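Student: next one to model:
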Amino acid sequence: MSCAMVTLTHDAGHDGVLVAARRAQVGLLFAVIAAASFGLSGALASGLLDAGWSPAALVLCRIGVGGLALSGPALVALRGRWHLLRANAAFLLAFGLVAVAGCQFSYFNAIERLPVAVAILIEYAAPVAVVGWLWARHRQTPSRLTVAGAAVAIGGLLLVLDVLSVGSVDGIGVLWALGGMVGCAFFFVVSAGEDNGLPPIVLAAGGLIVGTLALGLAGALGLVDVSAGTADATYNGTAVVWWLPVVALGVVTAAISYVTGILASRALGARLASFLGLLEVLFSVVFAWLLLGQLPGWIQLLGGILLLGGVLVVRAGEPSPESHGPQGSQPDGVLVT
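Tutor: Here you go, the predicted model:
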């Protein structure tokens, strides 16, 4: 009898390890999809910016179309459990205001005062903020490999963005960029929690809708310029009707990216998911090359190799799936319900 109990316990433990390992693999896939879809936004937006669109108008359409695209699937995933929305109303409001609208609003205020590379660098220091928060709040001390990988990844990010070539920076712009970093870090930390009971697609849809309302209100009050136009957008010499990149911005770079980003955070934890989010910068360079003909220089290529290597080192320094899963983790099937 005792032998049978030991066998059953061993089998259960083995199954748990397999589930955790599979969850981590799926999480890595979601993280790459999120980084790629987020990274497409810059190249798509460039054609509309050149056609006379303001940055705020692009963001408003992006998150508005994204929220609309997710509304139907979110209602299906909710399955009539309206009490989840009532119980998490404040949480959804904070997510939409900080992680969606606040992050975007801060970033675009930052790039009005700072070189774009500097603003991006500060915002993408979010993984460092996530590590610090988890260390201070939850006593999750990073391993030496995680710290070393973070240093290499940030060094690669410096080279990709060619920050060393920019001149002086504006102090107010830095504060706005730090606000964007807080919003980005907030996204990863909050997305990793599953104890609120909200399906990922419901959280993403709610955040995008709240962000749309907040940014729309800011536009109505004259806090941001939301001018747009109907002229064709041009990509690498090819003219495209304006609404095609707008739909792509909403469906691909908002709806898909936010859902997969949340799924990645829940499967991998906030720390690893935030570092994998740095891959967005590499995808941005690739899409700028494909859609805009902007070839990266050798320094950017070297930076990309360092950034990718740093992320891999961080991955190696994170706890293995069999030791323990992310906080509040559940089996794979729960991720998309």
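
Student: distance check, residue 175 against residue 312.
Tutor: According to C-beta to C-beta, to the nearest Å, residue 175 stands 33 Å off from residue 312. Placement of C-beta: from N, CA and C, glycine included.

Student: what does residue 23 give?
Tutor: Distance of residue 23 to residue 312, computed by C-beta to C-beta: 19 Å.

Student: pLDDT value on residue 264, please?
Tutor: At residue 264, the pLDDT value in this model is 94.

Student: I'd say it and residue 273 touch.
Tutor: Yes - with contact defined as C-beta atoms under 8 Å, residue 264 reaches residue 273; the gap is 4.7 Å.

Student: can you work out which residues contact both of those two?
Tutor: Here residue 264 and residue 273 have 27, 31 as joint contacts, going by C-beta atoms under 8 Å, 6 or more residues apart in numbering.

Student: next secondary structure after the helix or strand of the chain with the lowest mean pLDDT?
Tutor: Scoring the helices and strands of the chain by mean pLDDT, DSSP states H and E places helix 116-123 at the bottom, with a mean of 74. Reading on from helix 116-123 to the C-terminus, the next helix or strand found by DSSP states H and E is helix 126-138.

Student: quick one: contacts for the nearest residue to residue 206 once chain neighbours are set aside?
Tutor: Take residue 206 and drop its neighbours on the chain: the residue closest to it by C-beta to C-beta, 6 or more residues apart in numbering is residue 92, 4.1 Å away. Applying C-beta under 8 Å, 6+ apart, we find residue 92 in contact with 85, 198, 203, 206-207, 210.

Student: circling back to that earlier point, please name every helix or strand in contact with the least confident helix or strand of the chain.
Tutor: Secondary structure elements in contact with helix 116-123, counted by 3 or more C-beta pairs under 8 Å, 6 or more residues apart in numbering; DSSP states H and E, are helix 103-110, helix 144-161, helix 171-191.

Student: deepest of these, which one?
Tutor: Most buried of these, by mean neighbour count (mean count of other C-beta atoms under 10 Å): helix 103-110, with a mean of 23.

Student: which stretches of the stretch 201-337 of the chain aren't confidently modelled?
Tutor: Where the stretch 201-337 of the chain drops to pLDDT under 70, the residues are 319-337.

Student: so where do the helices sit in it?
Tutor: 243-250, 257-268, 270-276, 279-292, 298-317 (DSSP state H, counting those that start in this stretch).

Student: nearest to residue 33, out of the helices and strands packed on helix 116-123?
Tutor: Residue 33 lies closest, by C-beta to C-beta, to one member of the helices and strands packed on helix 116-123: helix 171-191, at 14.5 Å.

Student: got a list of contacts for the closest one?
Tutor: Applying C-beta under 8 Å, 6+ apart, the contact partners of helix 171-191 are 91, 94-95, 98-100, 102-104, 106-107, 109-114, 118-119, 122-127, 129-130, 133-134, 200, 203, 261-262, 265-266, 270, 273-274, 277.

Student: quick one: average confidence on that helix?
Tutor: In this model, helix 171-191 has a mean pLDDT of 88.

Student: quick one: buried residues of stretch 18-25?
Tutor: For stretch 18-25, the neighbour count (16 or more other C-beta atoms under 10 Å) marks 19-20, 23-24 as buried.

Student: so which of the residues you listed belong to helices?
Tutor: 19-20, 23-24 (DSSP state H).

Student: reformat the residues you listed as a markdown table; add pLDDT and distance to residue 74.
Tutor: Shown next, in a markdown table, are those (pLDDT from 0 to 100; distance: C-beta to C-beta, whole Å):
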| residue | pLDDT | distance to residue 74 |
| --- | --- | --- |
| 19 | 74 | 26 |
| 20 | 72 | 28 |
| 23 | 82 | 23 |
| 24 | 82 | 26 |
